[in-house]
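**Q** sequence first, then the predicted structure, then my questions.
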Amino acid sequence: MTSSGPVPDCTEKLLQGTRGLLVDLDGTIYNDHGLLPGAHQFYHWADKSRYPYVLLSNSGAKGAEGTQAKLATAPFDLTSNPSMPPVPLKNILTGAMAAADFLIEKAKPGSRIFILQSLSRYGGIIDCFRRVLERRAPRGWMEKMEIRTYLSTQDAKIWARDAVRGKHMTYVALAGDGDIRDEEDWGYSTWDYDMLQKAVWIISNGGFLVTHARDTHNPKLAREEGFEDVDLMVPGPGTFEALIKSATYPKAIDRTFNTGKGGNLGGKYMMDKAMKMLKGLGLREGKDRVVIIGDTLDTDIQAANDFGIRSVLLRSGVHTEKDLLYYPGIRPTCIADNLSSVVEMIRKGRKLPPPKFGAPIPPPAPAPAPRAKTFEPPKVPKIVGATNKPASGAYDYITEDEEDF
């Protein structure tokens, strides 16, 4: 990827030599109202030419089966005609699958897992994180764990007590795409203070927080008459992760694991696995021949930067070049309007060698001369205690020795 200056629009030269694709879903293939331009073209071309691709979604509500069902259901149907096969399961990797793999690898027999999940319903198929965990776990693994999707207040206190006393390794798995809903009638159906409190109790007392995505929101443009230009964004899983981390700070600093794109474990549980999937689908070359296409800077593009591959930011979803100012250090290789134009560029240049990047980054410009002081604000006394920092959820602490009244 380029190292400085404005991010260019995508060209055949910037994308030439691409032999494998990692493609985001929400905001790239579809949005809340249906498929986006280029989605049909991409799938028809990739299926016909057997081009290696993986649909890489941060969804915590569904695994490969649930995603396949959604992409076969109107208005998200990628096949468009009965002769087209559904998207193969081997071409799908989701945040729910990544988080499940983490738990299967790390949770020891006797561990407790409290799942905050949401449901996915498409084409008669119901999917959720617990079902993903069951499908991916080896035989007998589930029986060795205590897995709950609902805890009474008393049970939550017991889990917190046992966690702090070291009796059980205890996990809170945040596995919803913003909303949450249990499968059982007696379970939860929406976020409330009680639900958050139970999660906070467990994590504050030695539990681990496992999440699948950093997405703070999902775009949702209203269609109702008189509200066509209103952005009714939906809070995403990253919003609730930040809330829980803030409420448990600083106890959860070293006990929060995000396995999704851009997460602190996303490289191992999403990107490494996606590369292995591409190899299994026919990719013979290395990472320099792989491009990720997505619409979100701090997930799709961050994941590409961390993994060392090229990336395309689409203007069809969450972020555009106007948002780069707010995400310093996160930079795509190039920007495009939609998937349609990108597919054509990649199709034409796939047999060429990849472009060479890595030009040295120029030194920073000298700082401007300080302005003459025209106003001296009054000195504000420091207050003993914690001072909230916006957005990050972190705090600065002032000791008694630093009091300055």
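**A** Okay, I see it.

**Q** the helices in the stretch 301-405 of the chain, which residues?
**A** Taking DSSP state H, counting those that start in this stretch, the helices of the stretch 301-405 of the chain run over residues 302-307, 339-349.

**Q** out of the ones you listed, flag the one nearest R181.
**A** helix 302-307 (27.7 Å; Cβ to Cβ). Using the backbone N, CA and C atoms, a C-beta is placed for each residue, glycine as well.

**Q** any weak-confidence spans in the stretch 51-200 of the chain?
**A** The stretch 51-200 of the chain contains residues with pLDDT under 70 at 185-186.

**Q** run through the strands of the stretch 1-150 of the chain in chain order.
**A** Residue ranges of the strands in the stretch 1-150 of the chain, as given by DSSP state E, counting those that start in this stretch, are 20-23, 30-31, 34-35, 53-57, 92-94, 112-117, 120-122, 125-127, 146-148.

**Q** mind listing what the fifth one pairs with, with the direction of each?
**A** The reference is to strand 92-94. Partner strands for strand 92-94, per DSSP bridges, with pairing direction: strand 53-57 (parallel).

**Q** what's the partner strand in contact with?
**A** 20-26, 29, 46, 67, 71, 87, 91-95, 261, 270, 274, 277-278, 281, 292 (Cβ atoms under 8 Å, 6 or more residues apart in numbering).

**Q** deepest-packed of the helices of the stretch 301-405 of the chain, please.
**A** Ranked by mean neighbour count, those are led by helix 302-307 with a mean of 22 (mean count of other Cβ atoms under 10 Å).

**Q** state the pLDDT value of the residue sitting nearest the centre point of the chain.
**A** Centroid-nearest residue in the chain, with Cα atoms, centre = their mean: A213, separated by 3.1 Å. A213 is assigned a predicted lDDT (pLDDT) of 93.

**Q** that one: what secondary structure?
**A** When classified by DSSP: H, G, I helix; E, B strand; the rest coil, A213 comes out as coil.

**Q** was I right to think it contacts G60?
**A** Yes: A213 is within contact range of G60, at 6.2 Å (criterion: Cβ atoms under 8 Å).

**Q** can you flag the buried ones in the contacts of strand 53-57?
**A** 20-26, 29, 46, 67, 71, 87, 91-95, 261, 270, 274, 277-278, 281, 292 (16 or more other Cβ atoms under 10 Å).

**Q** in stretch 329-340, what counts as buried?
**A** I330, R331, P332, T333, C334, I335, A336, N338, L339, S340.

**Q** please apply the same query to stretch 48-66.
**A** In stretch 48-66, counting by 16+ other Cβ under 10 Å, buried: 51-66.

**Q** cool, stretch 312-331 as well?
**A** Using 16+ other Cβ under 10 Å as the test for burial, stretch 312-331 gives V312, L313, L314, S316, G317, V318, H319, L324, I330, R331.

**Q** one more: stretch 35-44?
**A** Neighbour counts over stretch 35-44 (16+ other Cβ under 10 Å) mark L35, L36, G38, A39, H40, Q41, F42, Y43, H44 as buried.

**Q** just the CA trace of stretch 33-41, in PDB.
**A** Extracted in PDB, the C-alpha atoms of stretch 33-41 (Å, rounded to 0.1, in the frame of the first residue of the first chain):
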ATOM      1  CA  HIS A  33     -32.100  -3.000   1.800                       C
ATOM      2  CA  GLY A  34     -30.500  -5.700  -0.400                       C
ATOM      3  CA  LEU A  35     -27.600  -6.400  -2.700                       C
ATOM      4  CA  LEU A  36     -25.200  -3.600  -3.700                       C
ATOM      5  CA  PRO A  37     -24.000  -2.800  -7.200                       C
ATOM      6  CA  GLY A  38     -21.500  -5.400  -8.400                       C
ATOM      7  CA  ALA A  39     -22.500  -8.200  -6.000                       C
ATOM      8  CA  HIS A  40     -24.100 -10.400  -8.600                       C
ATOM      9  CA  GLN A  41     -21.300  -9.700 -11.100                       C
END
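
**Q** can you tell me what sits against that stretch?
**A** 27-30, 74-78, 80, 221, 223, 316, 338-343.

**Q** go on, stretch 245-264?
**A** By Cβ under 8 Å, 6+ apart, the residues outside stretch 245-264 that reach it are 24, 56, 58, 95, 98-99, 101-102, 196, 200, 203-204, 206-215, 241, 244, 265-266, 268-271, 294, 298-300, 302-303, 306, 393-395.

**Q** now the buried members of those residues.
**A** Among the contacts of stretch 245-264, those buried by neighbour count (16+ other Cβ under 10 Å) are 24, 56, 58, 95, 98-99, 101-102, 200, 203-204, 206-215, 241, 244, 265-266, 269-271, 294, 298-300, 302-303, 306, 393.

**Q** mind listing the strands for the stretch 201-350 of the chain?
**A** Using DSSP E, counting those that start in this stretch, the strands found in the stretch 201-350 of the chain span residues 208-211, 217-218, 234-235, 256-258, 290-294, 310-314, 334-336.

**Q** noted, bye for now.
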